[in-house]
Each structure stands twice: as structure tokens, then as C-alpha cells.
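>>> With the sequence up front, the predicted model follows.
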Amino acid sequence: MHSLRFRFLLSLVLVACIALLALWCIAHFLVYPKLLSREDDYAAMEMGRVESAWQSDLNKLGAEARDWASWDDAYAFMQGDIPEFADKNFSREMFEDMDHLMMVFMRMDGTPVWMAGYNPTTEEYSTCPSATSSCRWMSPIFSVIQDHVRQQEPELGKWLLSVPAPTMIATSPIVPTERDKAPPLGWLAIVRSMDRAWFESIRYQTGVDISIEPILHPDLMARPPPIIRLSDDQLLATRWLDAEPGDDVLSLQAILARRDFMANAASFNFAMLWTIGVLFAVVIVILGLLEFIVLAPTRRLARFTREQRREDDFFEILPISLVARRDELGSLAREFQHLLMHQKQRTNSLEQLSQRDHLTGLLNRRYLDEYLVQSLTQAHHDHTAVGLIIIDIDYFKTYNDHYGHPEGDHCLTRVARTLDRIVDDQGIVARVGGEEFIVVLPNVTRKRTWRVAEQLRLAVSGLALQHEYSPIATHVTISAGMAISLPEAPCQPPELMRLADESLYRAKQAGRNQVGVRIKDPHYPESTT
């Protein structure tokens, strides 16, 4: 729960959820309302085209009624001067060609003079002086026309009829061509049925399928909304048209395809899905980059730190993949490496203080004891010999008493440096007392051990450090005792030290400034060289 990966993942998930919520809000409060508004505009435009089409047909019907009513022959027919007018100018073929349902000539008070029509039920053409006998089917329409013209001003009228079937009607006063010369003698009404053929005509003109239903008592019902979305593919657009008789209306309905809306919605949904996909891809990529760039290097640094904490002797060199980075982690790794190096230096300094003699810089007795145990153990395992040389400066107390402690310290330092230079990497040199030194030589022979001891004696003598109070020489000299732990006669550290000390004692008894030898080996007699 406290992992940086978990926290970052939680943050990214929170950001992704906020982004998804923002997308949802954009979709439902901005995009979809805008698309629906555009769809409303589209439906209004389509219904406007349909209305324009039927208004054009109604205007055309009105133009025909006005032309017929302002013809002088029609005026003469109403005067009774041309009784054959109807037979000459009206026929079944004319009604079929002009898509007329019926025509009526009336007096100004609505009294019929002549009417003709094409019965859509029986498909028969009939003419009559009134709505009787074969023209009885015209009676419902004619009665409404009568009521209408009785209230109409003597001018062209265009209107809709709801019952018995939706129809378009144009009524015009019958006047001579020169209207100002005579008053109107009656009315001419032309009726066109809004039937299947008319619907096909509208669909041909607009490309929209429509239907018309009469609403006989509109005040008793609630008007539906102008647009009803039936499904994802279709919507129902409705307009109410005023009609006769009374307050009747016609419900003009059109089924419209929602192609633009669905296409735009599909495009937006596709874009939103892509956005969501890209968002999740970005989250995954960011997590991958976090793992690769931040978390994995941080874990390597933490693992390195844990390993160093478990080790007795740590390394100050971090993995190069961390140190070589040019970012903040690389800077942190380099600073950490500098800290390790500083810690290493301090540790080395502490080790030097704990393992080195503060005056001469040689190893001290503590380190000597550990090294001797390790050397003897390894020699026993490898079947090799270990040489030990104990060195003592001859008459050093006399030197200190006469020359003083500062000169004594200087003498010790010069001797220590010389011993360390001769031994070099053959073994170690340690200061174990005031003027006493011990040399440990792993993997040697008796001859080589003696040779090293002799080289040490000659090198110190070669320093020519003045010692006028020495009974044996005018300069500083050393005595050395040598012992060897052989594979066939191995020694423990105390025993080897005792044998070397005995050899040193022999050297001193023999006159000093020489090397005494003591070997624990039945094949070599004890001797002093």
C-alpha cells in the first residue's frame, strides 16, 4: 500500500476516472444535445419542405380555381347563356389528368348550379345539378363547402377539409375577365383528394414519406411533441394543420431517417472510444516508464544499500547503470557513491587506527595475531611453511637514555621504514613493543626466511644511525630470531612465537647484531647462525 508504484497507479486511475467523467459530461451535456439540436433543425427543414410542397399544390389548385372562375364562358354559364358549357369543358379524362376529386358551381348563397366529380370508391364519373342521385357521394363535402362560402368574402380561398377524408379545396368567386365591369354571380369550388397518389407525389418532390390523419376534436387530446424519436434509426415529425369544418385539424406526420445523427454519434463514439483507448494506453506507458526509469533503478539502489549493510566490507562503486544516468536518480546515485567513498575512507582510517602503530605506521600486535592465525591455517591447508622473525634493536634503552626520546622515536621510525621496504609484499612487518618488531612470511623455505632476516639486519646496519654508546658497534644494529612452521611439523601461533623468541635470545647471547635460528623439525638440529 505504501509502494510508489501503487501510489502512482492510484493517482493515474484517479486522473483517468476524472478524464472519463469529463468525457461523459462533454458527451451528455455538450455533444449529444448539440447533435439533437441539429437533428431538430433537420426535422424542421424536412417538414418545411413537405409543407412547401403541399402549399405549392394548394396554391396550384387555387390558381386553377381562379382561372376557371374568371373565364367569361363560366360567367355566361352562371347567367344561363351557355347551357352546354359543362358538357363541352368537363369530362372524366380531365378530372383524372388534373387529379381533381370534384368541381362545384354555386350561387352566391351556396345553391348548387352544377357539380361533377370522380367517385374514388366506385371509380365512376358523375355530373349533377345538385348532390343527389349519382352525385350523392359528394354531399358531405358539398355541405361543408356551402357553409364555408356563405361566410367567405368574395375572393380566392384555399383551405383543407378533414372529413370525410383529408382534401384540399380552393373556392373562388365567379367573375368576368374584367372584374370591375360586373359583380360575382357565384362560387367555383375545386376539390383535390389527399390520397395515395398525392402522397406519392409529395414523396417524389421531397423524398419524405408522409401521412395525414384528421383530428376531429383536438381540444380533447394533448398535442404530441413535434419530434418523437422512435428508435436509433427513425424519428416521427408532426405538424398540425388547420382544417374545416369547425376547429378540426390534420395531423401531418413524417417518418425521417436519423442518418446524420447516427453517423455523427457513431463518429463521436468512435473518437471517444479511441480517446479512452489512448488514455489507457498512456496510463500503461506511463506506468511502464515509471517502472523502467524510476522504480527499477530505485529498487537497484535500495538493494545495493541493503547488500552493503549486510556486508562486513562494503564497496563504494554503485552499478554503472545508476551512476551514468544524467537525471535526478543519477545525481542521487553519484552523491550516494561519494558518501560511500567518504564512509570507506573513514572506515579505512578507523581500521588504520585500530591496526597500525601510531608512531611507525607499521601494523600493530592486534593485526599481527589475526594475520598469523590466518597464515598458519592457510599453510596447513596448502601444505606450505610459514616463517616468523622477531627483531629487537640492540641496546635501544641506552640509545633513548643518551639521545632522548625524540631521537629514539626518529630511530624507531627509520628502522620501521627500512624493515617494511625490505619485506614489501613478501609478508608483513608489525611493531609489537617499544623496540621489538615481528615479520611473518607465508609460503617460504628455511633458507629464504634466513635470507630475509639477514637482509633486514644488513639494511638496518646500512642506515648508519649513530649509536656511540652501543657496546658492539658505532651505529644502530638489530638482532633477529627466526622460526619456521613446516608442513611436517606445524606450529600453533604461541609455539611459533616462543621458538622465534628463543632464537632471538640465542642471537643476543651470541653477541647481538646477528640472526638466530630455531626450527621445530626432527631432521634439523637446533643451531645459531
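Perfect, I can see it now. On a predicted model such as this, the values are computed, not experimentally measured, just so you know.
>>> so residue 455 makes contact with residue 422?
Yes. Residue 455 is in contact with residue 422 according to C-beta atoms under 8 Å; the separation is 5.3 Å. All C-beta spots, glycine's among them, are computed from the backbone N, C-alpha and C.
>>> per-residue pLDDT, the spatially most central residue of the chain?
For the chain, the residue nearest the mean C-alpha position is residue 282 (2.2 Å; C-alpha atoms, centre = their mean). At residue 282, the pLDDT value in this model is 86.
>>> what separates it from residue 12, distance-wise?
In this structure, residue 282 and residue 12 are 9 Å apart, going by C-beta to C-beta, to the nearest Å.
>>> overlap in contacts of the two?
Taking C-beta atoms under 8 Å, 6 or more residues apart in numbering as the contact rule, residue 282 and residue 12 touch no residue in common.
>>> check contacts around residue 92.
Under the criterion of C-beta under 8 Å, 6+ apart, the neighbours of residue 92 are 118, 125.
>>> right, I mislabeled it, should have said residue 386
372, 375, 376, 379, 440, 441, 442, 443, 444, 484, 485, 496.
>>> Compare these and tell me which is most surrounded.
Each of those was scored by neighbour count (other C-beta atoms under 10 Å); the top score is that of residue 484, with 27 neighbours.
>>> for that residue, helix, strand, or coil?
In terms of secondary structure, residue 484 is strand; the call rests on DSSP: H, G, I helix; E, B strand; the rest coil.
>>> Please name the bridge partners of it.
Partner residues in beta bridges with residue 484: residue 387, residue 519, with DSSP bridges as the criterion.
>>> surely it meets residue 388?
Yes. Distance between residue 484 and residue 388: 7.4 Å, which falls inside the contact criterion (C-beta under 8 Å).
>>> Please give the element, helix or strand, for the residue sitting furthest away from the middle of the chain.
In the chain, residue 81 marks the outermost C-alpha relative to the chain mean, sitting 93.5 Å out by C-alpha atoms, centre = their mean. Taking DSSP states H and E as the definition, residue 81 sits outside all helices and strands.
>>> Repeat that for residue 41.
Element membership for residue 41, per DSSP H and E: helix 32-69.
>>> what helices or strands is that helix leaning on?
Using 3 or more C-beta pairs under 8 Å, 6 or more residues apart in numbering; DSSP states H and E as the contact definition, the elements that helix 32-69 packs against are strand 157-161, strand 167-174, strand 186-193, helix 196-206, strand 227-229, strand 234-242, strand 249-257, helix 259-289.
>>> for the helix or strand just after it, which positions count as buried?
Counting by DSSP H and E, the element after helix 32-69 in chain order, helix or strand, is helix 72-79. Of all the residues in helix 72-79, those buried under the rule 16 or more other C-beta atoms under 10 Å are 74, 75, 77, 78.
>>> excluding its backbone neighbours, what's nearest the last one?
By the measure of C-beta to C-beta, 6 or more residues apart in numbering, the closest residue to residue 78 outside its immediate chain neighbours is residue 185, 4.1 Å from it.
>>> any chance you could read off phi and psi for that neighbour?
Main-chain dihedrals, residue 185, degrees, to the nearest 10: phi -100, psi -10.
>>> what about residue 106, how many neighbours?
Around residue 106 there are 24 residues (other C-beta under 10 Å).
>>> my guess is it is in a strand, correct?
Yes. With the criterion set as three-state DSSP, the secondary structure at residue 106 is a strand.
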